[in-house]
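**Student:** Below are the sequence and a predicted model; questions follow.
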Amino acid sequence: MKSNIITSREVKRGYFRMEFEFAGEALPGQFIMLKVAEHNDPLLRRPMSIAGLDGGVMSVIFKVVGRGTALLAEKKAGDHIDVLGPFGSAFTPPKTDAVLLVAGGIGVAPLLFWAKRNPSRRAAAFIGGATENDILCSDEFSEAHVATENGSVGRKGLVTAPLIEHAAYKNKTGYILACGPTGMLKAIDQLAVKDGLRGELSLEERMGCGFGVCLGCVCDTTGGRKRMCVEGPVFKTGEVLWRT
Ligand SMILES: Cc1cc2nc3c(=O)[nH]c(=O)nc-3n(C[C@H](O)[C@H](O)[C@H](O)COP(=O)(O)OP(=O)(O)OC[C@H]3O[C@@H](n4cnc5c(N)ncnc54)[C@H](O)[C@@H]3O)c2cc1C
Ligand code: FES
C-alpha cells in the first residue's frame, strides 16, 4: 500500500521518527515491512515495529544502520512510502496492571505503542542505551527509569539494574514486556525465569520476506522451530532457546 508521509524528522543523531497515513488496524508488538526505494534496489523490504497508530496515522522510529535505513531517512513529508502489513504476533493483554516495559535503544518503539494504547495501566518503563543519544521517547511514558552504559544520562549501567529493584519486580507481581538487542532480551529472559516473573519479549532479528515464506527468521523455542515473522516476533519469557 502506498502511503503519504506526513512527517519525518531526526529526533536524535541517527534516529528518525516518521509518520504516514495508514488505513488499517494494528496491535502493539506487530511490525510492518517498508519498501525503502522506488526501484528494486535494495530488493528486500525492511521490518519496522509500529511505534503508534492513531486516527489513520502510523508512526515508526528507526535508527540508520545501513543502506536501507539511510534511504528511509532521506524521505520527506509529502513523499510516498510503500507499506505492507501489519505482520506477526502482538503482545497479549497482561492480567495485571503492574506492567514492566523494558526497552533497549530502538526497542522502545513497540513499547511506546503499547503504552499509548493502554493509558490506564500502571506501567513503569525502563529505557536503556549506550549513551544519552540512544535514549528515545523516555518523556512519553508516565513512569520512566533511564540507564546508560556510560552514565551520560540516568543511572550508569545496564537497564536490568533499575528493573530488578522495582517493587513490582521484587514482589513478582510485574508482567514484563521487553524489546531490544538480543543480548538484552536474553538477559531479561534468564532473570525473569530465575526470579519467577512472567512476560513477553519482542525479537528484532534479521528478516527476509516478513510473511512466513523464506524461513530466514526461524528460531528454536520450547514449542519447536518457529518463524519470528509469523509466530513471533513476540514470544513468552522462557520460550526462546537462545543460541549462545
Ligand atoms: C520485527 C522487527 C522489528 C524491527 N523494528 C525496528 C524499529 O522499530 N526500528 C529500527 O530502527 N529497527 C527495527 N528493526 C531492525 C531493522 O529492520 C534493521 O535495522 C534494518 O532492516 C536494517 O536495514 P539496513 O538496510 O539499513 O541495514 P543493512 O545494510 O541490512 O545492515 C546494516 C547492519 O545492521 C545489521 N542489522 C540489520 N538488521 C538487523 C537486525 N534486525 N538486528 C540486528 N542487526 C541488524 C547488519 O548485520 C549490518 O551489520 C526491526 C527488525 C525486526 C525484525
Ligand atoms: S522473514 Fe521470511 S519466513 Fe520469516
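**Tutor:** Here it is on my side, so go on. Numbering: from 1, shown residues only. Ligands and ions are numbered 1, 2, ... in the order given.
**Student:** Quick check: closest non-adjacent residue to Lys221.
**Tutor:** No Lys there; residue 221 is Thr. Spatial nearest neighbour of Thr221, excluding adjacent residues (Cβ to Cβ, 6 or more residues apart in numbering): Glu239 at 4.9 Å. Quick note: C-beta positions are derived from backbone N, CA and C, even for glycine.
**Student:** what's around that neighbour, how many residues?
**Tutor:** 18 (other Cβ atoms under 10 Å).
**Student:** give me every residue that touches it.
**Tutor:** If you count contacts by Cβ atoms under 8 Å, 6 or more residues apart in numbering, Glu239 has them with 221-223.
**Student:** now the residues you listed: which count as buried?
**Tutor:** With burial judged by 16 or more other Cβ atoms under 10 Å, the buried subset of the contacts of Glu239 is Thr221.
**Student:** got TSV for the contacts of Glu239, with secondary structure, distance to Val57 and pLDDT too?
**Tutor:** Output for these, formatted as TSV (DSSP: H, G, I helix; E, B strand; the rest coil; distance: Cβ to Cβ, whole Å; pLDDT from 0 to 100):
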residue	secondary structure	distance to Val57	pLDDT
Thr221	strand	34	97
Thr222	coil	38	96
Gly223	coil	36	96
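**Student:** wait, Lys71 sits on Ala37?
**Tutor:** Quick fix: residue 71 reads Leu, not Lys. Yes. Applying Cβ atoms under 8 Å, one finds Leu71 in contact with Ala37, separated by 5.3 Å.
**Student:** Looking at these two, which is more packed in?
**Tutor:** Per other Cβ under 10 Å, whichever of Leu71 and Ala37 has more neighbours is Leu71, with 18 against 15.
**Student:** Packing partners of the strand or helix carrying the more buried one?
**Tutor:** Taking DSSP states H and E as the criterion, Leu71 maps to helix 67-73. Counting contacts by 3 or more Cβ pairs under 8 Å, 6 or more residues apart in numbering; DSSP states H and E, helix 67-73 packs against strand 15-21, strand 46-49, strand 57-63.
**Student:** looking at these, which is buried most?
**Tutor:** Most buried of the helices and strands packed on helix 67-73, by mean neighbour count (mean count of other Cβ atoms under 10 Å): strand 46-49, with a mean of 24.
**Student:** which strands and helices sit next to that one?
**Tutor:** In terms of contacts (3+ Cβ pairs under 8 Å, 6+ apart), strand 46-49 is packed against strand 31-35, strand 57-63, helix 67-73, helix 108-117.
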